[in-house]
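K.L.:
would you be able to build a 3D model of this:
(2 chains)
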Amino acid sequence: MPTRIEQLFPKLKDQKRAALIAYVTAGDPSPERTPGIVAALERGGVDLIELGVPFSDPIADGPVIQAGAERALKAGTTLRKVLEMARTIRKTSEIPMLLFTYLNPAMRYGFENLGRDAKAAGIDGCLLTDLSVEEAAPYVASMRASGLDTVFLAAPTSTPRRLELVAQYSTGFVYLVSRTGVTGERTALSSTLEPLLAAMRTVTKLPLAAGFGISTPEQAGAVARIADGVVVGSALVRLIGENASDAQLESFARSLREGMGRE
Amino acid sequence: MITSQPDASGHFGPYGGRFVPEALMAPLEELERAYQEASADPVFQAELADLLHNYAGRPTPLSYAKRLSETLGGAKIYLKREDLLHTGAHKINNCLGQALLCRRMGKQRVIAETGAGQHGVATATVCALFGLDCTVYMGEEDMRRQRLNVFRMRLLGAKVVGVSAGSRTLKDAISEAMRDWVTNVNDTYYLLGSALGAHPYPVMVRDFHRVIGLEARAEILQREGRLPDAAIACVGGGSNAIGLFHAFIGDENVRLIGVEAGGRGAELGQHAARFSGGSPGVLHGTHSYLLQDADGQVTLTHSISAGLDYPTVGPEHAWLHDRRRAEYTSVSDAEALAGALRLARTEGIIPALESAHAVAEVIQRAPAAKGQIFIVNLSGRGDKDTDIYRENLPELDADTN
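P.N.:
Got it, this is the predicted structure:
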């Protein structure tokens, strides 16, 4: 059976629009807040949630998401608790959810256990930022066995051979890193995204979502014209760090969605 | 004969490998190719050998520690004097090799992390020598306790960037250097300072330090007519230890003993003893023993010595450990201090606090080892640690002395 992620992109294609994908660090600022934040983002028009599991040493993240992870860890967030949050969210929502984390917490939990428990909690797929395709076989096997998507990153530095590997190992969609660097807001969009999208299109029919550095409605609109999905993370995590209310988060999501064109 | 080489993708048994964000994968492949070409190139090797001899001061002496040995009344103790190298520690071996590689790859900007500051100083040194732009990341706690080395790096023209995240030590400096690398990967060379991280670093850094063990092995055969009974070195990331051990791996009667930081005690967070206190996990690109909690979060570490204060260890050590070819033990902050003091008073050598851990271990083992020969890697000198020695030995600092 296709996952909610796999069902999402064809539906949006019919509507002729790109997916708005929101990253939030689960448990930031507290595990209790996360289901409400996700509901607010969904009301604001978010199509897919990346539920970040905080890790103590997030080497792929800039200062904003690092701070979010610190807040979440301080509030007692663990992978197990994130799955509980997912279960709570799933009680009232069918929004596709992708677990987004680093390898070590997932490895410690055990890939088989993670596949089983994540599926049971209503998670649709998983992305591990520091797991290269070369090392991914046992993980991919466990996720597949549980019926979860495995999303991998493609980067502007990826060689054609690597893009093919990323396509082979990915299901649901491929996450394109729009520029080399860590997560974070940028004033200008990177010029490396278009060539990466074009190169990736030649090796896969999977939907292609782009993230890293996209933070304003204008940027989201520009990326939505060329990609199948637009990921916004740091801008949301910054607002959460500034104690934004659910209503404010909803309104920010709506502005992004409006920037991407109307349904 | 036992050997220790990784497979084609950098695995030492179940350890090692390459666990980094996709943006760094192609650059690591490029680095691996460049390193393979360089290591097979006699011109590269000749240039490195010349620099090691005429700039860094190799070969280093193997000093018989006569008074230390005699007062302990057991084993004959030899010290491999990496502390006498230019910049004061073994780190320069690797930095010269990687700087040559960086130049060969046409990169103009070098970044590095440092814990005790010895790798940072060695990196700043080779960058000055080769005219390369140099940025060194260092945890703020380490900047505080290794102030002398911070100033030395700046004197050499390097930019030192303090890291305030996490434990503000080596772990966080490496994370920040990796973030810089992923951002500026096209023109930047990451000069990693220990035998850890993603493939090919553990192999490459080891290869550049192998000269330590090769020299020590040849010299002890010449001086004593036989191999030592044990080779002992401190293990932070593990570069000086693997450098000493590697030449002896096939010599099955030579015990290889790695000494980790026992810190203030066995409780998680109070030490950096990865083998006794950790379990396999992935941090900073490699799979190895890792100090972590039940949820896979990396735990804080403590050591009086900044260079050993790190939650994971080079993957080749993990493999040597599991195969029981090397054994790993730990000594406490207090034992390391006492070892340093004893070496200073018997041999006139003030060791780096890192190396003092290996000295403390040999002090414990020597009395019961009459007739045996031990080689201890004295990986660095203690000038950089003067402030910490003063803090911890206040009785020596009073004006009444």
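K.L.:
who in the stretch 51-200 of chain B is up against chain A?
P.N.:
Contact residues (Cβ under 8 Å from any Cβ of the partner chain) of the stretch 51-200 of chain B with chain A: B:165-166, B:171-172, B:175, B:178-179, B:182-186. Every C-beta, even on glycine, is put in place using the N, C-alpha and C of the backbone.
K.L.:
need the phi and psi values for residue 61.
P.N.:
Here I'm looking at chain A. phi -110, psi 140 (degrees, to the nearest 10).
K.L.:
to clarify, I was referring to chain B.
P.N.:
Dihedral angles (degrees, to the nearest 10) for residue B:61: phi -70, psi 160.
K.L.:
how far away is it from chain A?
P.N.:
Separation of residue B:61 from chain A (Cβ to the nearest Cβ, to the nearest Å): 40 Å.
K.L.:
helix or strand: which one has residue B:216?
P.N.:
helix B:201-224 (DSSP states H and E).
K.L.:
can that helix be found next to chain A?
P.N.:
No - counting by Cβ under 8 Å from any Cβ, chain A is not contacted by helix B:201-224; separation bottoms out at 14.4 Å.
K.L.:
list the buried ones in that helix?
P.N.:
B:201-217, B:219-220 (16 or more other Cβ atoms under 10 Å in any protein chain shown).
K.L.:
elements contacting that helix?
P.N.:
Secondary-structure packing of helix B:201-224 (3 or more Cβ pairs under 8 Å, 6 or more residues apart in numbering or on different chains; DSSP states H and E): strand B:62-64, strand B:76-80, helix B:91-104, helix B:239-245, helix B:315-322, strand B:373-377.
K.L.:
check which element follows it along the chain.
P.N.:
Heading C-terminal from helix B:201-224 (DSSP H and E), you reach strand B:230-234.
K.L.:
quick one: strands adjacent to that next one?
P.N.:
strand B:255-263 (parallel), strand B:373-377 (parallel) (DSSP bridges).
K.L.:
and the residues of the stretch 51-200 of chain B next to chain A as TSV, adding secondary structure and distance to residue A:21?
P.N.:
Formatted as TSV, those follow (DSSP: H, G, I helix; E, B strand; the rest coil; distance: Cβ to Cβ, whole Å):
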residue	secondary structure	distance to residue A:21
B:165	coil	27
B:166	coil	28
B:171	helix	31
B:172	helix	29
B:175	helix	26
B:178	helix	25
B:179	helix	23
B:182	helix	21
B:183	helix	22
B:184	coil	27
B:185	coil	25
B:186	coil	27
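K.L.:
which two from the residues you listed end up farthest apart in space?
P.N.:
B:166 and B:186 (27.7 Å; Cβ to Cβ).
K.L.:
ok, now which ones touch the closest residue to residue A:154 other than its chain neighbours?
P.N.:
Counting by Cβ to Cβ, 6 or more residues apart in numbering or on different chains, residue A:154 lies nearest to residue A:166, which is 4.8 Å off, once chain neighbours are set aside. Residues in contact with residue A:166 (Cβ atoms under 8 Å, 6 or more residues apart in numbering or on different chains) are A:133, A:152-154, A:158, A:174, B:22.
K.L.:
repeat for residue B:64
P.N.:
B:76-78, B:223.
K.L.:
mind running it again at 7 Å?
P.N.:
Neighbouring residues of residue B:64 by Cβ atoms under 7 Å, 6 or more residues apart in numbering or on different chains: B:76, B:78.
K.L.:
ok, now residue B:133?
P.N.:
Taking Cβ under 7 Å, 6+ apart as the test, what residue B:133 contacts is B:108-110.
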